[in-house]
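J.: Sharing a model that was predicted from the sequence below.
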Amino acid sequence: MRDTAVVSYAQSPCLAANRRDDMADILLPVIRAAVDAVGIERDEIDFYASGSHDFFEGRTFAYIESLDAVGAWPPISESHVEMDAAWAFAEAWSWLQLGQGDIALVYGIGRGSLPQDLDQVMPAQLDPYFLAPLRPHRDAVAGLQACAAIDAGLTSEQHMAEIVSRCLASATENPYAQTSGQVSVHDLLAAPYVSSPLRKHDVSPPGDAAAVVVLAAGDAARRLTARPAWVRAVDHRMDTHYPGMRDLTSSGSTRIAAGRAADLAGFAAADVEVAELHTEYSHQEPLLAMALGLNGAEINPSGGPLAGRPATATGLVRIGEAARQILDGRAGRTLAHATNGPALQHNLVCLLEGAA
């Protein structure tokens, strides 16, 4: 395997609504921050990869607008994934592994405030024959999973409120968070349900933000930063599409991805100090911690998605935050997780290390 590392990460604040700014307006200052942090010029970047979602934009090939911020002339090598930008990160990492270049830039733009009604958008990801025609609201499938997790004894409404309280308190140290603060568990449990047993705070708030990660290989990484966050492994797996055909109280794809990543990295999720998990709902934290086999790791010190979820950039933010822990010298080994699809259908695991 070719040594490849995250050498820079930048993010814009996650805003509840930012409809007046187009993709390029949001993205350009974030790209500048990430590139300036390592002192490189645009023409030194060998590959660009991005992630966004036309359903949220309400138009086809919406990501083309973002190239105004990237700069498509002189001609560049560029790719796009129609999902969370964590999978664009996986593509860029694979591209560098093939020796096609030394530096790659990955970006994701989430504009979750754009859809007038997310309940008209989210059913499109479901089975088109049986579930999509029923048009369940955006949190319905997650509510079923939360019920199953509680019935299985994996969590409780009290435990879920404790997770939210901890994440919002941690987010007070994160200038990019959409929501934060000290909120008591008692007050959280007094809130009404949105999809029993889920309350509003159990659901990550959709927002608008851009995230940028700069990857570099070998000597280029060592030249660009004193403490690279070496990407020791990336793996992603998918459970079956139809949620009724799987056990919602476990995440088999996360477990398999974590096992494969451990084989590649030489260390497991149990060995990391910090884990940034893509928890779109509070009940998913214990499910993911169990599937990954975490052992005392600090989970979502940034506040995680429960403090702000920019659609299709949230997973890349997890990778960036996990890398930041190493870049800043706060941790030696970290884990980032990203998910796509209903009820943890598709999961990616990234293991990072600070050693040279």
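T.: Everything's here; your move.
J.: okay, CA-based contacts and neighbour counts for the rest of this
T.: Will do.
J.: and the spatially closest residue to residue 115 that is not a sequence neighbour, what element?
T.: The shortest distance from residue 115 to any non-neighbouring residue, by C-alpha to C-alpha, 6 or more residues apart in numbering, is to residue 56 (5.8 Å). Element membership for residue 56, per DSSP states H and E: helix 54-57.
J.: quick one: average pLDDT of the next helix or strand after that helix?
T.: Later in the chain than helix 54-57, the nearest helix or strand by DSSP H and E is helix 67-70. Mean pLDDT, helix 67-70: 85.
J.: repeat for stretch 177-189
T.: For stretch 177-189, mean pLDDT is 95.
J.: Just name the shakiest helix or strand of this structure by mean pLDDT.
T.: Sorting the helices and strands of the chain by mean pLDDT, DSSP states H and E puts helix 54-57 at the bottom, at a mean of 79.
J.: so where's the chain shaky on pLDDT?
T.: By pLDDT under 70, the weakly predicted segments of the chain are 18-20, 72-73, 356.
J.: Longest strand in it, by number of residues?
T.: If you go by DSSP state E, the chain has its longest strand at strand 206-217.
J.: for that one, packing partners?
T.: Packing partners of strand 206-217 (3 or more C-alpha pairs under 8 Å, 6 or more residues apart in numbering; DSSP states H and E): strand 4-11, helix 23-37, helix 86-97, strand 103-111, strand 309-310, helix 314-327.
J.: Any buried residues in the strand or helix carrying residue 259, and which?
T.: Using DSSP H and E, residue 259 falls within helix 252-265. The neighbour-count check on helix 252-265 (16 or more other C-alpha atoms under 10 Å) flags 252-262, 264-265 as buried.
J.: what does stretch 326-344 give?
T.: For stretch 326-344, the neighbour count (16+ other C-alpha under 10 Å) marks 326-327, 331-344 as buried.
J.: Please apply the same query to stretch 12-32.
T.: Counting neighbours by 16+ other C-alpha under 10 Å, the buried set in stretch 12-32 is 12-16, 18, 23-24, 26-32.
J.: middle-most residue in the chain, spatially?
T.: residue 315 (1.1 Å; C-alpha atoms, centre = their mean).
J.: hang on, the earlier thing: could you redo the buried residues of helix 252-265 as TSV and give each row distance to residue 95?
T.: Listed next are these as TSV, based on distance: C-alpha to C-alpha, whole Å:
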residue	distance to residue 95
252	27
253	23
254	23
255	25
256	23
257	19
258	21
259	22
260	19
261	18
262	21
264	17
265	18
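J.: nearest to residue 284, of these?
T.: Nearest to residue 284 among those is residue 254, at 11.7 Å by C-alpha to C-alpha.
J.: Does that closest one touch residue 292 like I think?
T.: Yes. Using C-alpha atoms under 8 Å, residue 254 is in contact with residue 292, at 6.6 Å.
J.: before we move on, back to that, ok now the least confident helix or strand of the chain, how far from the chain's centre?
T.: Remark: helix 54-57 is offset 18 Å from the chain centroid, using C-alpha atoms, centre = their mean, to the nearest Å.
J.: cool, and stretch 56-65?
T.: Distance, stretch centre to chain centre, for stretch 56-65: 20 Å (C-alpha atoms, centre = their mean).
J.: Only alpha carbons, please: show that stretch as CSV.
T.: This file holds the C-alpha atoms of stretch 56-65, laid out as CSV (Å, rounded to 0.1, in the frame of the first residue of the first chain):
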residue,chain,number,x,y,z
PHE,A,56,-31.4,18.0,-2.6
GLU,A,57,-30.6,20.6,-5.2
GLY,A,58,-33.7,19.9,-7.2
ARG,A,59,-31.9,19.9,-10.5
THR,A,60,-29.7,17.6,-12.5
PHE,A,61,-25.9,17.8,-12.7
ALA,A,62,-26.1,20.5,-10.0
TYR,A,63,-22.5,19.8,-8.9
ILE,A,64,-21.2,21.5,-12.2
GLU,A,65,-21.8,24.8,-10.4
